[in-house]
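> 3D model of this:
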Amino acid sequence: MGVFTFEDETTSPVAPARLYKALVNDVDNIVPKAVESFKSVEILEGNGGPGSIKKINFVEDGESKHVLHKIEEIDEANYVYNYSIVGGAGLPHTVEKITFESKLIAASNGGSIAKLTVKYQTKGDAKPNEDDLKTGKLKGDALFKAIEAYLLANPDYN
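Residues are numbered from 1 along each chain as shown. I've put the predicted structure just below:
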């Protein structure tokens, strides 16, 4: 098994506490409102805390698909949320799992700096496909911006 690590950082005008609440605590309700292709989120195992597995249902290219999302860590006090994609359409056939380690930090302008480390754990000696990496990053960035746009359009959400 190979492990390939990538880091990314982005900014948001939304304060860390508000953004974290939307991205972690209320994500199951907000994502279907913010992104038309997302249909539902259901907990398959656990109570929503670490170790829980969620099935995220969406439509892509006219087909119903899903991703299995395992919660690894929730640290609300430090705005940390870590999870893995462990199955479904978001997992290329050469990859065991993809782990996302995210942390929000307060920016000097009142907004947030989002730091993300992505770890691809591949099967055997396979390497991540460059197109899969680019597509995954674009989808992740689009989801983040959709939630950010939802928060900016709904100032009463807290």
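> center of the protein, which residue is that?
residue 140 (6.4 Å; Cα atoms, centre = their mean).
> per-residue confidence at the nearest residue to residue 23 once chain neighbours are set aside?
What sits nearest to residue 23 in space, not counting adjacent residues and going by Cβ to Cβ, 6 or more residues apart in numbering, is residue 147, at 6.1 Å. Backbone N, C-alpha and C define where each C-beta goes, glycine included. Note on residue 147: pLDDT of 94.
> hang on, residue 147 in a helix?
Yes: under DSSP: H, G, I helix; E, B strand; the rest coil, residue 147 falls within a helix.
> Strands of the protein, residue ranges please.
Along the chain, counting by DSSP state E, strands occupy 2-12, 38-45, 53-60, 63-75, 80-88, 95-106, 112-122.
> Which of these sits closest to residue 30?
strand 38-45 (9.5 Å; Cβ to Cβ).
> strands paired with that closest one, and their directions?
Strand 38-45 pairs in its sheet with strand 53-60 (antiparallel), by DSSP bridges.
> Many thanks, I have nothing further to ask.
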